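Participant: Structure here, sequence nowhere to be found:
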Ligand SMILES: [Fe+2]
């Protein structure tokens, strides 16, 4: 696939370094109430340096690679004429950067449990049944304004081995590519009104309640399709880019 | 009060969890027919320029046990040191080399294997050349925010000795944590999440 085009934009590509990551806004590596983090969390200080070209650049993915059902989890694993079981929903929003600019050409990949809270994965032994018509994965690429949308069923909450009785709130996992490798992000989307959010040790690894709220999608009755599917709005924010105003540049650079 | 800078905050990271394969490598975990092939599995073709190399990467936890459920992505320059990216303004990279790869840990051995090429040198901000390197991004269950680091090559001792990023590592005993040894036909690189051999991870 051709990777060098700047996705139809006439603007010169941006080449500035990214804003420093505010690590107090993210969960720290070690969150003991999420037990698996205990042996998987680096303990030494991170090595800090301003972005080099290796962080400023990143791969680009073209819309041509997308299949017609990639953003329709209700049908992309279903037998012909059938569809996944569950509450039909549309998830939509924009990928923005910290400067509030929409980010076009962002590959979003998402995965989730089925309506009963069961993943199609050999490591998931939860009692809830698999849905033969639900795979649980999809992908899309943001448009010129950073917008995206996909259709799915609302995932169910599920119990998981951590504490003796921990349950994950309903959630959809998102993988996000920005324009530079330093923007690479994986996060999870939660659903407005779910009381399990505030009990979850993975969610509570995020220190600031205001930060947690940015991961809770809002029910949007105006984007709902009557008699068909409810809609949830979920915006994702990536690190902003510094502009190169008055930057010192070496000759020939 | 002052004017507002009117900026947003980056979305907080959350762990990729144990089922990251469903989203990022569905064919690898048995979900066929949704996408034709998993992204990032093949990095080179017969026209790609450069020396073919293999990478064998493992991620080990604080007990030294290899993770069987991690996912590693790599990002690198082509054989001439150019990135295949819109932000690369120095020239046009090899059209037969994307420079990005993705591999889940083998569920038995924990190995992530990449077939790629040796990257050329890329300049640091001040124009000095950095030693040939490959950027790594590691996610897994229990990792709350993706880990960035770099892989350097043991047979580039001279370039490594002058590398501006390696030079910033205060405790010199930690430099070898970023250097892959050549063993047979591949470079072997163990990423230690904790312990005496904890890999130097980046905040950049
Ligand atoms: Fe999950």
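Facilitator: Structure received. As the structure is a computational prediction, the values presented were derived from the model and not from experiment.
Participant: just for the stretch 101-250 of chain A, where's the confidence low?
Facilitator: A:244-250 (pLDDT under 70).
Participant: Flag every residue of it that's near chain B.
Facilitator: Contact residues, the stretch 101-250 of chain A versus chain B (C-beta under 8 Å from any C-beta of the partner chain): A:109-111, A:119-124, A:135-139, A:173, A:175-176, A:179-182, A:184-188, A:202-203, A:205-206, A:211-212, A:214-215, A:236-240, A:250. In short, each C-beta sits where N, CA and C put it, glycine included.
Participant: Just the buried ones among these, please.
Facilitator: A:109-111, A:119-121, A:124, A:135-139, A:173, A:175-176, A:179-182, A:184-188, A:202-203, A:205-206, A:211-212, A:214-215, A:236-240 (16 or more other C-beta atoms under 10 Å in any protein chain shown).
Participant: so of these, which ones are in helices?
Facilitator: Under the assignment DSSP state H, those contribute A:211, A:212 to helices.
Participant: and the buried ones among the residues of the stretch 101-250 of chain A next to chain B, which of them are in strands?
Facilitator: A:109-111, A:137-139, A:173, A:175-176, A:185-188, A:236-238 (DSSP state E).
Participant: Nearest to chain B, out of the residues you listed: which one, please.
Facilitator: Using C-beta to the nearest C-beta, residue A:111 comes nearest to chain B of those, at 3.0 Å.
Participant: Would you check how far apart the closest residue to the closest one other than its chain neighbours and residue A:138 are?
Facilitator: Leaving aside its sequence neighbours, residue A:111 sits nearest to residue B:23 (C-beta to C-beta, 6 or more residues apart in numbering or on different chains; 3.0 Å). Separation of residue B:23 from residue A:138 (C-beta to C-beta, to the nearest Å): 8 Å.
Participant: go on, residue B:83?
Facilitator: 28 Å.
Participant: Now look at the strand or helix carrying residue A:96 and say if it contacts chain B.
Facilitator: Following DSSP states H and E, one finds residue A:96 within strand A:88-97. Yes: counting by C-beta under 8 Å from any C-beta, chain B is contacted by strand A:88-97 at A:96, A:97.
Participant: Show me how far that strand is from its chain's centre.
Facilitator: Strand A:88-97 sits 10 Å away from the centroid of its parent chain (C-alpha atoms, centre = their mean, to the nearest Å).
Participant: Please name every helix or strand in contact with it.
Facilitator: Secondary-structure packing of strand A:88-97 (3 or more C-beta pairs under 8 Å, 6 or more residues apart in numbering or on different chains; DSSP states H and E): strand A:147-153, strand A:230-233, strand A:236-238.
Participant: 10 Å instead?
Facilitator: When contacts are defined as 3 or more C-beta pairs under 10 Å, 6 or more residues apart in numbering or on different chains; DSSP states H and E, strand A:88-97 packs onto strand A:107-111, strand A:147-153, strand A:171-176, strand A:185-191, strand A:216-219, strand A:230-233, strand A:236-238.
Participant: Quickly run through the sheet partners of the shortest one, with directions.
Facilitator: Just to be clear, that refers to strand A:236-238. With DSSP bridges as the test, strand A:236-238 is paired with strand A:88-97 (parallel).
Participant: List the buried residues of the partner strand.
Facilitator: Neighbour-count burial for strand A:88-97 flags A:88, A:89, A:90, A:91, A:92, A:93, A:94, A:95, A:96, A:97 (criterion: 16+ other C-beta under 10 Å).
Participant: same thing with stretch A:147-161?
Facilitator: Under 16+ other C-beta under 10 Å, the buried positions of stretch A:147-161 are A:148, A:150, A:151, A:152, A:153, A:154, A:155, A:156, A:157, A:158, A:160.
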